[in-house]
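>>> can't give you the sequence, but here's the structure:
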């Protein structure tokens, strides 16, 4: 039996009715149910009597903003996009079009968005490579300084062993070669090999 409703949406007589339910927040169709409606009672919240559209790949069936009909809304949930501003990965969690300023192409570390595509920022790439080389040089020099300091103390104090004098000379030579490295030529650098002693 079909239930009739008055102009305010209240049942004129009691009966069962098939309703089509939507999520309160996204208005996405979530399934149908049979509801018993008493006279004077309306439909449950977010339930409608008009049948929704059939499922369609890439879209969710949702209630329109005014709740008068159903519509297809783009459904990209679970897809990964990349911000063309921050380069951060974004996982799509909401219905609707892709967020503004995003692309499906992953950037590399030194890319920048030119309005249409990622382009490699060679100046930034070169600066980063040179900075990494300068940091490596500083780290290697700190190791060499440490190895030289205590051996130099032994030599200066007159209590160095013969192998310590040889090691000191090798570490000093290594440090000189290291200091001659021009980090502005990175990545085309041949690093000197640190001395190894047992």
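The structure has been received and is ready for your questions. These numbers were taken from a predicted model, which means no experiment stands behind them. Numbering: from 1, shown residues only.
>>> How is the chain partitioned into domains?
15-74, 80-120, 122-185 (automatic domain parsing).
>>> Just want the phi and psi numbers for the residue of the chain positioned farthest from its centre.
Distance from the centre of the chain peaks at residue 158, with 59.9 Å (C-alpha atoms, centre = their mean). Phi and psi for residue 158, reported as degrees, to the nearest 10, are phi 80, psi 20.
>>> Distance-wise, check it relative to residue 51.
Residue 158 is 100 Å from residue 51, where distance means C-beta to C-beta, to the nearest Å. From N, CA and C alone the C-beta is placed, and that goes for glycine too.
>>> Need the residues that contact the host helix or strand of residue 163.
Using DSSP states H and E, residue 163 sits in helix 162-179. Here helix 162-179 makes contact (C-beta atoms under 8 Å, 6 or more residues apart in numbering) with 137, 140-141, 144-145, 147-148, 151-152, 154-155, 160, 191-195, 197.
>>> next one: stretch 45-52
Around stretch 45-52, the neighbours that count as contacts under C-beta under 8 Å, 6+ apart are 17-24, 27, 29, 33, 35, 43, 61, 63, 67, 69-70.
>>> and if we set it to 10 Å?
Here stretch 45-52 makes contact (C-beta atoms under 10 Å, 6 or more residues apart in numbering) with 2-3, 5, 9, 17-25, 27-33, 35, 43, 61-63, 67-72.
>>> With stretch 73-84 instead?
Applying C-beta under 10 Å, 6+ apart, the contact partners of stretch 73-84 are 26-28, 56-64, 88-107, 111-118.
>>> sorry, back to before: and the contacts of stretch 45-52, which of them are buried?
3, 5, 17, 19-22, 27-29, 35, 43, 61-63, 70 (16 or more other C-beta atoms under 10 Å).
>>> residues of the longest helix along the chain that come out buried?
Using DSSP state H to define each element, the chain has its longest helix at helix 122-157. For helix 122-157, a neighbour-count test (16+ other C-beta under 10 Å) marks 129, 130, 133, 136, 137, 140, 144, 147, 148, 151, 154 as buried.
>>> And for stretch 104-123?
For stretch 104-123, by 16+ other C-beta under 10 Å, it's 107, 110, 111, 113, 118, 121.
>>> Secondary structure for these - can I get that in TSV?
Converted to TSV, the buried residues of stretch 104-123 look like this (DSSP: H, G, I helix; E, B strand; the rest coil):
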residue	secondary structure
107	coil
110	coil
111	strand
113	strand
118	strand
121	coil
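>>> and which of those residues is nearest residue 13?
When these are compared for distance to residue 13 (C-beta to C-beta), residue 113 wins out at 62.1 Å.
>>> Hmm, residue 120 and that closest one touching each other?
No. In this structure residue 113 lies outside contact range of residue 120 using C-beta atoms under 10 Å: 11.6 Å.
>>> Could you pull up the contacting residues of the residue nearest in space to the middle of the chain?
The chain has residue 89 as the residue nearest its centroid, 2.5 Å off, counting by C-alpha atoms, centre = their mean. Contact partners of residue 89, counting by C-beta under 10 Å, 6+ apart, are 80, 81, 82, 83, 102, 106, 107.
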